[in-house]
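K.L.:
below are the sequence and a predicted model for it; my questions follow.
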2 protein chains.
Amino acid sequence: MALMPDPIPFSGDPLWRASNERRDPDWVEAHLRSPASRFLPYWKNNPLTTATDAAVGQVPVAANAGDPCELVWLDNGVLHHLAERDRPVLLGLREGVAHFAVDLSPLEEPLAALGLEGAEFTDTRAAAGRLAAGEAGTLAHGRSLIDWHNRHRFCPACSHPTESRDAGSMRKCEACGAEHFPRTDPVVIMVAWHGNRCILGRQKAWAPNFYSALAGFIDQGETIEEAVRREVKEEVGLEVDEVEYRKSQPWPFPSSLMIGCFAHVTGDEEDVDPVELDGARWFTRDQIRAAVADPDPAKHGFGVPGPVAIAHHIIKDWSDQSES
Amino acid sequence: MALMPDPIPFSGDPLWRASNERRDPDWVEAHLRSPASRFLPYWKNNPLTTATDAAVGQVPVAANAGDPCELVWLDNGVLHHLAERDRPVLLGLREGVAHFAVDLSPLEEPLAALGLEGAEFTDTRAAAGRLAAGEAGTLAHGRSLIDWHNRHRFCPACSHPTESRDAGSMRKCEACGAEHFPRTDPVVIMVAWHGNRCILGRQKAWAPNFYSALAGFIDQGETIEEAVRREVKEEVGLEVDEVEYRKSQPWPFPSSLMIGCFAHVTGDEEDVDPVELDGARWFTRDQIRAAVADPDPAKHGFGVPGPVAIAHHIIKDWSDQSES
C-alpha cells in the first residue's frame, strides 16, 4: 500500500465551484441569506485563522509560527460589516453548503469590530505550511479573487466603474458592456539540467546563498516549451532542447499558475551568465539532495526553497532521478 | 532520418524578444528611428499579408483562401499614420533588426492611406493556415499585444489613463503607480477517454455534427490537473483520475495559452450529460482516425477541428495510440 502524497500547497481546494449555478442571481441571493452558509474573512489579503482545537470566541491557546491552524468561517452576520462595494465572492459548495470569501480590509480593527477572540489574520504564505492539506487551496482561491476584485474596480477599456457579477467570477462594465474575468498568469519554472548537474539562480533580494529554480512569465504567442527555452536563455545564456512538464501549482501572489518543468541544457559550460539574476550556479544531484533534506544553509553552503513552493518539489524530483 | 514536424500553428515566432534591452527608452527610440526596422501593420486585429511571391506595390496576383501568403513589413514611414496614443509594440529582434507591430485601426481606408497595392488585411485564423511555419507565431504574438493595448487604456485600479512602457510589454498608470502587464489566459483542453473511446463535445454555435475536445479556462487556486478534472465533470458529468500533459499552443483570440492533455475517465457510462454543451458523444479510435484524415463530415457523420487548432493534434495523437 502506497502512502498518497498531499496535494501541492495552495492546491486541493475541495469546494465545488458551481460555475453554472452561480450565474443565477436568485440562487446566489438565497445562499447569502442562508444561515448555513459560511464566510471566510480576509483582511489586507490575509485569511482569518485559529490555532487548531482553539475555540473561536474564547481566549486563544498560545500559537507559534509552526503550529497547525485552520481557517475560521463566520456566519452571514459578517455581511453587515462589509462596505457596499465589497460583494462576497462565492468559492463553492461542500455538501450543499455555500462557502464565500469576504474582504474586511476597510475595517481598521476587524477583530474588535466583529468581537472575535482566539483568531487572527495570518500571513498567507506562513498559513500554507500550517493548514491541513486542501485548506490552503481554498485560501489561495479566495485570496486571488479578493485581491483581483480590489484592483479591478474600473473598466480598463473605458474607465467606468465595474460591478461584481456571477458571485464574483466576473466584473461587468454597464457603460461599455465589457465583461472582465479574474486573471491567472501562467509562469514557467524549471530545473535547467545537464548530466549530473542543474543550474539554480538567485535574486538580489533573497537571503544570502539562497538559490532556486529559474522562472518567468509566459509571454504572448508562446508555447510552454518556448517560454522555458527563452527564459533559460535570457537568465543564464544557455540553450535548451528537450522540455518535460512535471507538475503545476497555483501561487496566489497575486494569481499565478506555476508550470513546473525539467529543461535539458544542450551544453555544460562552467560559466553561466546571470543576465537578470544576482547569480547562478551549477549544483550536483548529491548537493541538491542534501540541501532538500536539511534546510540549514550553513551545512551545505547554500539553501533551496521549502515545500510550500513548487521549486522545492521539482528540484527534489530531479535530484531523486539517476543520471540519464 | 526523421522529418521534423512544423511548430504548432501560432507558435514558432523566431524573433528574440529583447526583454532586457526594451526597458531602455533610448534603445527603443533608436530602433524606431532606424531605417532598417520593420513594422507589421494590423487593422481591426488582422495582419497585413500578401500572396507569396507577389510584390507589394504592384497589382496583386489572384489569391484564394488556401494560397500561401506572407506577412507584409513596412518601414518606419508608417509611424506618420499612427494615432498619438497607438504606440508601436516591439515584437523582437532578428539578426539585429527590430520588428514592431503597429495598429492602423483608426484609419478608415488603411490600404489607400498608405498607398499599398497587392496586400490585404487577412483574417488571423485563415492566415495561420497560409503562412510559413513560425510566421503565424509572430502574427499571434502581435495580435494578442495590439488587442490588449486597445482594451487596457485605463487603469483598472483607479480609472486614470495608462501609457505604454517598455516598447509595449507593460502599461503604467502615472496616477496611482500601478503597472499592468499583458494577459495570457491559461485554458485546459483535453481528450477525455476510457479504453478505446473518447468523448468530444459540441457547442450550439458550431456547424452541425462538428465535435471537438472539451476545454475551459483554468480558475484561481487550481492546478492544471484539477482544472481538467473540474471541466470534464462540469461539461459531461464524468470523473477523471490520471491527467497527462501533451503539448501547448498560444491561441490569439484574444490571448489564451491552450494546455493540451489526455484525461482518463474512470467509468464508461454510455450516457453523458452535456451540462454546458449542445451535445457530447463517445467516438472510437477508428472513428477519430478517419475523421482526422478526411475532414468531410459527410463521410463519417461528424467533423473535427482542422490542424490550425491544438484540438486536432491532441485528438490525432490519442487516436494514433493503441488501446491501453
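P.N.:
Alright, I've got the coordinates. Numbers count the residues shown, from 1 in each chain, chains lettered A, B, ... in the order given.

K.L.:
helices or strands next to whatever helix or strand A:Ala126 lives in in the packing?
P.N.:
In this structure, A:Ala126 is located in helix A:124-128 according to DSSP states H and E. Helix A:124-128 sits against strand A:46-51, helix A:135-150, with contacts defined as 3 or more C-beta pairs under 8 Å, 6 or more residues apart in numbering or on different chains; DSSP states H and E. Glycine gets a C-beta too; all of them are placed from N, C-alpha and C.

K.L.:
what sits up against it?
P.N.:
For helix A:124-128, the surrounding residues in contact (C-beta atoms under 8 Å, 6 or more residues apart in numbering or on different chains) are A:9-10, A:45-47, A:49, A:65, A:69, A:136, A:139-140, A:143, A:252-253, A:308.

K.L.:
and stretch A:307-317, what's its mean pLDDT?
P.N.:
Averaged over stretch A:307-317, pLDDT sits at 96.

K.L.:
now the helix holding A:Ala126 - C-alpha only, CSV.
P.N.:
As requested, C-alpha coordinates have been extracted for helix A:124-128 and formatted as CSV (Å, rounded to 0.1, in the frame of the first residue of the first chain):
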residue,chain,number,x,y,z
THR,A,124,-0.9,33.7,3.6
ARG,A,125,2.4,32.1,2.9
ALA,A,126,3.0,31.2,6.5
ALA,A,127,-0.5,29.8,6.8
ALA,A,128,0.0,27.5,3.9
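
K.L.:
buried sites along the longest strand seen in chain A?
P.N.:
The strand spanning the most residues in chain A, taking DSSP state E as the definition, is strand A:240-251. In terms of neighbour count (16 or more other C-beta atoms under 10 Å in any protein chain shown), strand A:240-251 has its buried residues at A:240, A:243, A:245-251.

K.L.:
which residues of the stretch 151-300 of chain A fall in helices?
P.N.:
Assigned by DSSP state H, counting those that start in this stretch, the helices in the stretch 151-300 of chain A fall at A:224-236, A:285-293, A:297-300.

K.L.:
list the buried residues for the shortest one?
P.N.:
When neighbours are counted by 16+ other C-beta under 10 Å, the buried residues of helix A:297-300 are found to be A:297, A:300.

K.L.:
that helix packs against which elements?
P.N.:
helix A:285-293.

K.L.:
what is the mean pLDDT for the helix it packs on?
P.N.:
This predicted structure assigns helix A:285-293 an average pLDDT of 95.

K.L.:
now swap in stretch A:79-99 and tell me
P.N.:
Per-residue pLDDT values across stretch A:79-99 average out to 95.

K.L.:
which outside residues touch it?
P.N.:
Residues outside stretch A:79-99 that contact it (C-beta under 8 Å, 6+ apart) are A:13-18, A:22, A:28, A:31-32, A:34, A:36-40, A:73, A:100-104, A:106-107, A:110, A:113-114, A:138, A:141-142, A:145-146, A:149, A:153, A:164, A:167-169.

K.L.:
find the centremost residue of chain A, please.
P.N.:
Per C-alpha atoms, centre = their mean, the C-alpha nearest to the average position across chain A is that of A:Trp251, at 2.3 Å.

K.L.:
what's that one in contact with, if anything?
P.N.:
With contact set as C-beta under 8 Å, 6+ apart, A:Trp251 has these partners: A:10, A:140, A:187, A:257-258, A:309-310.

K.L.:
how about 7 Å then?
P.N.:
With C-beta atoms under 7 Å, 6 or more residues apart in numbering or on different chains as the criterion, the residues that contact A:Trp251 are A:10, A:258.

K.L.:
so of the helices of the stretch 151-300 of chain A, which one's packed in deepest?
P.N.:
A comparison of the helices of the stretch 151-300 of chain A by mean neighbour count, using mean count of other C-beta atoms under 10 Å in any protein chain shown, puts helix A:224-236 on top with a mean of 22.

K.L.:
which other helices and strands does it contact?
P.N.:
In terms of contact count using 3 or more C-beta pairs under 7 Å, 6 or more residues apart in numbering or on different chains; DSSP states H and E, helix A:224-236 is assigned the packing partners strand A:185-194, strand A:197-202, strand A:214-217, strand A:240-251, strand A:256-265.

K.L.:
how about those strands in TSV, adding mean pLDDT?
P.N.:
Output for the helices and strands packed on helix A:224-236, formatted as TSV (pLDDT from 0 to 100):
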stretch	mean pLDDT
strand A:185-194	98
strand A:197-202	96
strand A:214-217	97
strand A:240-251	98
strand A:256-265	98
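
K.L.:
for A:Asp278, find the nearest of those.
P.N.:
Distances from A:Asp278 to each of these were compared using C-beta to C-beta; the shortest belongs to strand A:197-202, at 5.2 Å.

K.L.:
separation between the nearest residue to A:Pro274 once chain neighbours are set aside and A:Pro297?
P.N.:
Once flanking residues are discounted, A:Pro274 sits nearest to A:Ala280: 4.2 Å by C-beta to C-beta, 6 or more residues apart in numbering or on different chains. Summarising the geometry, the distance separating A:Ala280 from A:Pro297, computed by C-beta to C-beta, to the nearest Å, is 17 Å.

K.L.:
could you report the neighbour count for the closest residue to chain B within the stretch 201-324 of chain A?
P.N.:
Evaluated by C-beta to the nearest C-beta, the stretch 201-324 of chain A has A:Gly221 as its residue closest to chain B, separated by 2.9 Å. Per other C-beta atoms under 10 Å in any protein chain shown, the neighbour tally for A:Gly221 reads 29.

K.L.:
count of neighbours near the residue nearest to A:Pro274?
P.N.:
A:Ala280 - counted by other C-beta under 10 Å - has 22 other residues nearby.

K.L.:
for it, what are its contacts?
P.N.:
When contacts are counted by C-beta under 7 Å, 6+ apart, A:Ala280 is found next to A:199-201, A:236, A:272, A:274.

K.L.:
repeat that for A:Cys155.
P.N.:
Neighbour list for A:Cys155: A:162, A:173, A:175-176, A:178, B:154 [criterion: C-beta under 7 Å, 6+ apart].

K.L.:
just the buried members of those?
P.N.:
Among the contacts of A:Cys155, those scoring as buried are A:162, A:173, A:178, B:154 (criterion: 16+ other C-beta under 10 Å).

K.L.:
what's the closest non-adjacent residue to the first one?
P.N.:
Same thing as A:Thr162. If the residues on either side of it in the chain are set aside, A:Thr162 comes closest to A:Arg171, at 4.1 Å by C-beta to C-beta, 6+ apart.

K.L.:
I'd like to know how far the one you found sits from A:Glu239.
P.N.:
With distances defined as C-beta to C-beta, the gap from A:Arg171 to A:Glu239 amounts to 42 Å.

K.L.:
and those two? which has more neighbours close in?
P.N.:
Applying other C-beta under 10 Å to A:Arg171 and A:Glu239 shows that A:Arg171 carries more neighbours, namely 24 against 12.

K.L.:
beta-bridge partners for the more buried one, please?
P.N.:
Each beta-bridge partner of A:Arg171 is listed here: A:Ser164, A:His180, as defined by DSSP bridges.

K.L.:
which pLDDT value belongs to it?
P.N.:
At A:Arg171, the model reports a pLDDT of 98.

K.L.:
ok, A:Gly267 next?
P.N.:
According to the model's per-residue confidence, A:Gly267 sits at a pLDDT of 85.

K.L.:
for it, which residues are in contact?
P.N.:
Remark: with contacts taken as C-beta under 7 Å, 6+ apart, A:Gly267 is in contact with A:194, A:238-239.

K.L.:
and it, how far from A:Ala227?
P.N.:
Taking C-beta to C-beta, one finds A:Gly267 at 20 Å from A:Ala227.

K.L.:
ok, A:Trp27 next?
P.N.:
Relative to A:Ala227, A:Trp27 is positioned 39 Å away (C-beta to C-beta).

K.L.:
same question, A:Val72
P.N.:
Counting by C-beta to C-beta, the gap from A:Val72 to A:Ala227 is 39 Å.

K.L.:
same check, this time on A:Ile199
P.N.:
Counting by C-beta to C-beta - A:Ile199 and A:Ala227 are separated by 17 Å.

K.L.:
on that earlier part again, for the helix holding A:Ala126, what is the average pLDDT?
P.N.:
Across helix A:124-128, pLDDT averages out at 93.
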